[in-house]
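Q: pasting the sequence and the predicted model now:
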Amino acid sequence: MDATIEIKEGAHVRYHESHYQGTHGGMVVVPKAIIAVGPGAQYFSDFSLVKGRVGQLNIDYVVQVDTSAVAELTSKVFGRESDRIHIKEKMVLAGEYAKGLIKTRVALEHDAQGEMTGIMEAHGKGARGHVDCREIIKDRAVGRAIPIVEVTHPEAKVTHEAAIGTVDKKELETLMAHGLDPEQATELIVSGMLQ
């Protein structure tokens with residue numbers, strides 16, 4: 001996909017993209033989009049690739065958010081075997097009171113590698129943004145999270161949170177106390193994160 005999207009003033013758009021590439025990998029998926037969200041408009045995007053294998057995934061989204069507009073980007077990806085996952089999402093809160101969220105959930109197992117870059121800029125008065133990246137890794141997988149935040153107006157605010165690691169020990173123990181073995185408990189936690 002190579003898209004340019006313009007959402008006019010006051011419009012509301014919800015976009016969902018779900019992929020299944022089979023069980024063997026070897027595919028190259030390269031979604032690229034430039035999105036302009038007009039004054040008072042709303043844009044919600046959900047990208048999902050949680051079943052099967054992809055091979056190589058390279059997401060590159062840029063979203064420009066105007067005055068009093070709202071934008072949210074959500075990506076959920078499961079990388080397996082030798083999959084290579086690269087997600088780069090940039091949101092520019094250009095207008096006054098613009099709001100934005102970049103939310104990334106990635107699970108990696110076997111020899112998969114993933115790099116998630118979330119860029120949030122706030123330039124307008126009262127703009128608010130957040131970058132939230134969580135990755136669970138297993139086996140020999142490697143995960144990287146790169147949150148980049150930039151604020152140029154003294155009345156704007158951007159926050160970020162990034163977490164990479166194995167499943168939460170307390171969650172794992174709770175599920176095991178209810179009769180699940182460690183592998184079943186781990187699968188349930190990963191599945192819950194990617195829902």
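A: Received the coordinates, thanks.

Q: what's the neighbour count on the closest residue to residue 54 other than its chain neighbours?
A: Counting by CB to CB, 6 or more residues apart in numbering, residue 54 lies nearest to residue 21, which is 4.9 Å off, once chain neighbours are set aside. Glycine gets a C-beta too; all of them are placed from N, C-alpha and C. With neighbours defined by other CB atoms under 10 Å, the count for residue 21 comes to 18.

Q: in the protein, which spans are strands?
A: Secondary structure of the chain (DSSP state E): strands at 2-7, 12-20, 27-29, 32-37, 42-51, 55-65, 70-79, 84-93, 99-108, 113-122, 128-137, 142-151, 157-165.

Q: so which of those strands is nearest residue 180?
A: strand 128-137 (16.4 Å; CB to CB).

Q: how much space between the residue lying closest to residue 72 once chain neighbours are set aside and residue 126?
A: Counting by CB to CB, 6+ apart, residue 101 is the residue found nearest to residue 72 once chain neighbours are left out, at 4.5 Å. Noted for residue 101: a distance of 16 Å to residue 126, by CB to CB, to the nearest Å.

Q: end to end, how far does stretch 77-96 reach?
A: Start-to-end span of stretch 77-96 (CA to CA, to the nearest Å) is 32 Å.

Q: oops, could you answer that again for stretch 132-149 instead?
A: Counting by CA to CA, you get 12 Å between the two ends of stretch 132-149.

Q: what of stretch 107-114?
A: Stretch 107-114 stretches 9 Å from its first residue to its last (CA to CA).

Q: contacting residues for residue 186?
A: For residue 186, the contact set (CB atoms under 8 Å, 6 or more residues apart in numbering) comprises 138, 167, 172.

Q: now the buried members of those.
A: Among these, those scoring as buried are 167, 172 (criterion: 16 or more other CB atoms under 10 Å).

Q: just the contacts of residue 186 now: which is nearest residue 192?
A: Among the contacts of residue 186, residue 167 lies closest to residue 192 (CB to CB), at 10.1 Å.

Q: separation between residue 115 and residue 57?
A: According to CB to CB, residue 115 and residue 57 sit 11 Å apart.

Q: so where's the longest helix in the chain?
A: helix 182-193 (DSSP state H).

Q: what's the angle between that helix and strand 70-79?
A: 160 degrees (axes from the mean of the first three to the mean of the last three CA atoms, to 10 degrees).

Q: neighbours around residue 140, how many?
A: 11.

Q: what's the closest residue to it other than its chain neighbours sitting at in phi/psi?
A: Nearest non-adjacent residue to residue 140, counting by CB to CB, 6+ apart: residue 111, 5.2 Å away. Main-chain dihedrals, residue 111, degrees, to the nearest 10: phi -110, psi 20.

Q: and residue 111, what does it touch?
A: 81, 82, 139, 140, 141.

Q: check pLDDT for those residues and point me to the minimum.
A: Among the contacts of residue 111, residue 139 carries the weakest pLDDT, at 92.

Q: I'd like the contacts of residue 186 as CSV, with distance to residue 6 and pLDDT appended.
A: Converted to CSV, the contacts of residue 186 look like this (distance: CB to CB, whole Å; pLDDT from 0 to 100):
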residue, distance to residue 6, pLDDT
138, 41, 91
167, 41, 78
172, 46, 76
